[in-house]
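**Student:** Turn this into a structure:
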Amino acid sequence: MSREIQFRFGHLDCGFRIALDCEHAPQAAEMLWGLTQTPFVTRAVHAIYAGPAVLVALPPRHGEPRGGQVPIEYEVERPEPGDVLLLPPAEDAEEDIWGEPGQEEGATLAIFYGRKGRPFAPSGWQPAARVGRVVGELGALREACRAVRFEGAAELSVAHVGEEAGEIRSAVLYTDGASLGNPGQAGAGFVLTGGDERVLAEGSMPLEPTTVNVAEYRALVAGLQEALRLGVRRLELRMDSELVIKQLKGQYKVKAKPLVPIFIEAKRLTAQFEEFACRHVPREQNQRADELAGAAARRMKELRGKHAG
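**Tutor:** Numbers count the residues shown, from 1 in each chain. A predicted model of the protein is given here:
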C-alpha cells in the first residue's frame with residue numbers, strides 16, 4: 001500500500017508530498033508513518049550546509065524513536081534532490097543539526113532539494129535512513145524550501161495524505177499560552193480533538209518575549225487555522241482564560257493595543273465556521289494545551305540563553 005505524507009506551509013500557501021519507501025526502508029518508513037499518525041504543526045528551518053535542505057522537527061509522538069533508535073536500513077551518504085532522510089537526535093550537543101542540545105526523544109527529517117547532497121550535520125556526517133522521496137516534480141518543493149530560506153524559520157502542518165482536510169465536521173479546540181515573566185519568553189499550545197476525544201492535531205510554538213494574553217491569542221489563532229485547514233465546520237473552543245473567552249463573546253472590550261490585531265484575526269477566523277462556540281473551563285481540563293505552551297516557552301528560553309552565551 002502506498003503511503004504518502006503531506007507537508008503544508010499555510011502562511012506561504014505552498015507545500016509538497018513525500019511517498020514513503022516501504023520496500024527498502026520498511027522499519028524507518030513505519031516509524032515515520034507512526035510519528036505522523038495524527039496531523040500536527042511543527043517547525044522547519046533551512047539548512048544550506050545540508051545540501052541544501054529543509055529540516056523538519058518531529059516532536060515525541062506516536063512511535064517516537066526511544067533513546068534515538070532510528071533503523072538505518074537504506075543509508076545514503078550523498079542524498080539526491082527529492083530524497084527524504086530520517087535522522088535520530090544527536091547524542092552530542094556539538095553535532096545537533098539544529099544547533100541545539102541533543103535530545104533523547106524525537107527525530108528530524110532532512111528534505112533535500114538542491115543539486116548535490118552533502119553531509120547534513122554541521123560537524124560531519126551523521127547516519128540517517130532514507131525513508132522516501134518527494135512526489136512528482138520538485139518545483140513545489142523548491143518553492144517551499146526557498147520561501148523558508150528567505151522567510152526564516154517557518155511553521156508547517158504535517159498529515160497523512162487523505163486526512164489533511166475535508167473529513168472532519170465537528171471538533172473541540174483546547175488552547176493555552178505561557179510567558180516566563182509576563183512579559184518574558186513565551187509559548188503557545190493547542191490540541192484539536194474529535195467527538196471521541198481522539199487527537200486530530202496539536203501544536204507547540206515557541207514565541208518571542210511577550211505577555212501571557214498575547215501568547216493565549218497566538219495559540220488560539222494557530223488552533224483556529226489548523227481546524228479550518230482540516231475542514232472542521234462546527235467547532236467548540238475551550239480555554240482556561242476567562243479574559244479571552246469573555247472578549248470573544250463581547251462581554252469584555254479589548255483595550256490592550258497589542259491584543260487588538262490578534263483579536264481581529266481570531267474573530268475573522270471564527271466567522272468562517274458554520275457553528276462556533278466557546279466556553280471557559282478549569283485549568284485541569286486544559287492540561288495538554290497548557291503542557292505544550294509551557295514546553296514551548298521553556299524551549300524559547302533555552303534558545304535565547306544559548307544565543308546570548
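**Student:** What segments of the stretch 201-309 of the chain are strands?
**Tutor:** Taking DSSP state E, counting those that start in this stretch as the criterion, the stretch 201-309 of the chain carries its strands at 234-239, 275-280.
**Student:** With distance to residue 82 and mean neighbour count as new columns, can the ones you listed be given to me in CSV?
**Tutor:** C-beta: built from backbone N, CA, C; applies to glycine. Below are these laid out as CSV (distance: least, Cβ to Cβ, whole Å; neighbours: other Cβ atoms under 10 Å):
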stretch, distance to residue 82, mean neighbour count
strand 234-239, 37, 22
strand 275-280, 40, 15
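**Student:** Including mean pLDDT, could the ones you listed go into JSON lines?
**Tutor:** Compiled in JSON lines, the strands of the stretch 201-309 of the chain are given as follows (pLDDT from 0 to 100):
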{"stretch": "strand 234-239", "mean pLDDT": "95"}
{"stretch": "strand 275-280", "mean pLDDT": "95"}
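**Student:** got the ones you listed as a markdown table, with distance to residue 288 columns?
**Tutor:** Compiled in a markdown table, those are given as follows (distance: least, Cβ to Cβ, whole Å):
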| stretch | distance to residue 288 |
| --- | --- |
| strand 234-239 | 11 |
| strand 275-280 | 17 |
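**Student:** what about the ones you listed, which gets the closest to residue 198?
**Tutor:** strand 234-239 (15.2 Å; Cβ to Cβ).
**Student:** Quickly note the distance from the nearest residue to residue 253 once chain neighbours are set aside to residue 133.
**Tutor:** Nearest residue to residue 253, sequence neighbours excluded (Cβ to Cβ, 6 or more residues apart in numbering): residue 247, at 7.5 Å. Remark: distance between residue 247 and residue 133 (Cβ to Cβ, to the nearest Å) = 47 Å.
**Student:** quick one: the helices in the chain?
**Tutor:** Residue ranges of the helices in the chain, as given by DSSP state H, are 26-35, 139-151, 212-229, 242-248, 260-270, 287-308.
**Student:** Keeping just the C-alphas, turn the fourth one into CSV.
**Tutor:** The C-alpha trace of helix 242-248 is given here as CSV (Å, rounded to 0.1, in the frame of the first residue of the first chain):
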residue,chain,number,x,y,z
GLU,A,242,-11.7,33.8,31.3
LEU,A,243,-10.5,37.1,29.8
VAL,A,244,-10.1,35.7,26.2
ILE,A,245,-13.4,33.9,26.4
LYS,A,246,-15.3,36.9,27.5
GLN,A,247,-13.6,39.1,24.9
LEU,A,248,-14.6,36.6,22.2
